[in-house]
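A.B. asks: with the sequence up front, the predicted model follows.
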Amino acid sequence: MRKRILAVLLALFWALPAHAQGIAPADGASIRATIERQIDAFRADDGERAFAFADDSIRAMFGDPARFMAMVREGYGAIYRPRRFAFGAAEDRGDTIAQIVEFEGLDGSSGIYLYEMRRQPDGGFRIAGVYLLRAHRPAV
């Protein structure tokens, strides 16, 4: 059931232009910058910096940058070491903004992910969750 809902959401994200989904251009730019900065931190193996872009709920779940980085390395290889990535549509969900990002990893795997972004008291955004919507594995 959850996969079906995610598939429908994905179809809606790709079908509607970003401006039709209620995202202010400045918010979209801030969200993309936050994600790009975290990816830069992953590429540099800078756990402290990467962990700083996580929302308090994620920080509480993992406790420290080392555990967070281990989880990303083991479960999100295409995000940890992307060959390339591209931003898709975004949708305002009230308390969060959902941002689609497609990744291709250095190993040839690829996937479409939904980033759940939460606005912070300073007006910026942090990453509150990342969910794989669709994965593609390289042929062996």
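C.D. replies: Received, thanks. Numbers count the residues shown, from 1 in each chain.
A.B. asks: in this structure, which spans are helices?
C.D. replies: Along the chain, counting by DSSP state H, helices occupy 2-15, 25-43, 47-52, 56-62, 65-75, 77-80.
A.B. asks: quickly list what the residue sitting nearest the centre point of the chain is bridged to.
C.D. replies: In the chain, the centroid-proximal residue (C-alpha atoms, centre = their mean) is Tyr115; its distance is 3.3 Å. With DSSP bridges as the criterion, Tyr115 is bridged to Gln99, Val130.
A.B. asks: was I right about it contacting Val130?
C.D. replies: Yes: taking C-beta atoms under 8 Å as the definition, Tyr115 is a contact partner of Val130 at 5.5 Å. Heads up, the C-betas are built off the backbone N, CA and C, glycines and all.
A.B. asks: got any ranges where this protein has weak pLDDT?
C.D. replies: 1-21, 137-140 (pLDDT under 70).
A.B. asks: between the two ends of stretch 56-67, what distance do you get?
C.D. replies: 15 Å (C-alpha to C-alpha, to the nearest Å).
A.B. asks: tally up the residues packed near Glu91, please.
C.D. replies: When neighbours are defined as other C-beta atoms under 10 Å, Glu91 has 19 of them.
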